[in-house]
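Undergrad: Sequence plus predicted model, see below.
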Amino acid sequence: MAGPWYVDVAENPNIHRDAPPPPPIPAAGAPPPYALPPGVITFGRPDPPPPLAPAQAQPWPIPIALGAPPAPVMLGVPAPPPPPPLAAGVFCAGPPAYAPGGFLWGGPAPAPAPAPAPCAAPALPDAGLHSHVTFGPIPADQTNPVNLPGGLVSGVSHFFSDSYTILGWLKSGFRPWERNFAVMNIEWIQVDSNWKVDQLIKAMRENGDCEGWAVTECMERGNGVWERGTTFVHGSERSGQSLATVGWTMRRNRDDGTGALHVCLWRQ
């Protein structure tokens, strides 16, 4: 016959329409189908599915011929050694916290670590371009107070005091207030107003011995008559004051100042 032929599946007598057969029940002594070989241990896997045997079936017995199941295989590794103990005073005093007797084992709380010793500043080497700059030898002792020890140094700025006092030094072999109308020489000197009176006496003595020497302010009354003023003895408490403190300021012997200033150096 010509033409296509179509198969009627529903009328095919070879198609099995019954329910599938139940799973086979293992015979007595046979391992269940899901059992693993003896001695195999699993890690990190879920439990195997329940057996396919009917609910009333009993667990399969272990054959006596096989003996007891093998012991589990231990896969652990040796514990690492504890870290070395800390040196005393590094972080805290006493044993480490993890060691027996330490803080984590119920021992005493660690004591605070002692404060570290202060670090000393490193010594700077005596080197470099500017560390070897000098200005000649050390000046000799001053022999004349009108000379600058060592003289003026080239390339060095000299800082002066902010106040100087001008004094008229009455130079004679006697005390001016004891001889009226006597002729005397006067030397005008200019000194630092911050000098102590002791320094003035030493300069007037040209850095010589000042024991028993004194300086006295002299007031001129006219016609060659002088009056004795305040006296300062070298080494006394009064002579330890500055010239400005005792009134010998930069205003003396100046225009519109506080009057003339004359002194006399003499020995008691």
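TA: Structure's in. What do you need?
Undergrad: Name the surrounding residues that touch stretch 239-257.
TA: Outside stretch 239-257, the residues within contact range by C-beta atoms under 8 Å, 6 or more residues apart in numbering are 163-168, 191-198, 200-201, 217, 230, 232-233, 238, 258-261. C-beta: built from backbone N, CA, C; applies to glycine.
Undergrad: these two touch, right, S163 and N194?
TA: Yes - contact status for S163 versus N194: in contact at 6.7 Å, counting by C-beta atoms under 8 Å.
Undergrad: Could you list the buried residues of stretch 198-215?
TA: D198, Q199, L200, I201, K202, A203, M204, R205, C210, W213, A214, V215 (16 or more other C-beta atoms under 10 Å).
Undergrad: Pick out whichever of these sits closest to P20.
TA: Nearest to P20 out of the buried residues of stretch 198-215 is Q199 (C-beta to C-beta; 130.7 Å).
Undergrad: The closest one should be in a helix, yeah?
TA: Yes - assigned with DSSP: H, G, I helix; E, B strand; the rest coil, Q199 falls within a helix.
Undergrad: List the contacts of it.
TA: V191.
Undergrad: May I have the predicted confidence score for Y98?
TA: pLDDT for Y98: 64.
Undergrad: can you pull out the strands in the protein?
TA: Assigned by DSSP state E, the chain shows strands spanning 92-93, 111-112, 164-171, 185-192, 213-222, 225-233, 262-267.
Undergrad: any chance of the ones you listed in a markdown table, with mean pLDDT too?
TA: Output for the strands of the chain, formatted as a markdown table (pLDDT from 0 to 100):
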| stretch | mean pLDDT |
| --- | --- |
| strand 92-93 | 54 |
| strand 111-112 | 68 |
| strand 164-171 | 96 |
| strand 185-192 | 96 |
| strand 213-222 | 95 |
| strand 225-233 | 96 |
| strand 262-267 | 96 |
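Undergrad: would TSV of these with distance to R252 be doable?
TA: Rendered in TSV, the data for those read as follows (distance: least, C-beta to C-beta, whole Å):
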stretch	distance to R252
strand 92-93	72
strand 111-112	68
strand 164-171	6
strand 185-192	11
strand 213-222	10
strand 225-233	12
strand 262-267	10
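Undergrad: Of the ones you listed, which is nearest T134?
TA: Using C-beta to C-beta and comparing the strands of the chain, the one that lies nearest T134 is strand 185-192, at 27.2 Å.
Undergrad: partners of that closest one in the sheet?
TA: strand 164-171 (antiparallel) (DSSP bridges).
Undergrad: what angle do the strand it pairs with and strand 262-267 make?
TA: With axes from the mean of the first three to the mean of the last three C-alpha atoms, to 10 degrees applied, the angle from strand 164-171 to strand 262-267 works out at 60 degrees.
Undergrad: So for strand 164-171, what gets flagged as buried?
TA: Buried residues in strand 164-171 (16+ other C-beta under 10 Å): T165, I166, L167, G168, W169, L170.
Undergrad: cool, and stretch 132-151?
TA: Buried residues in stretch 132-151 (16+ other C-beta under 10 Å): P145.
Undergrad: Distance check, the spatially closest residue to T231 that is not a sequence neighbour against M204.
TA: Spatial nearest neighbour of T231, excluding adjacent residues (C-beta to C-beta, 6 or more residues apart in numbering): T216 at 4.3 Å. As judged by C-beta to C-beta, to the nearest Å, T216 and M204 stand 12 Å apart.
Undergrad: before we move on, what about D162?
TA: Distance, D162 to M204, using C-beta to C-beta: 23 Å.
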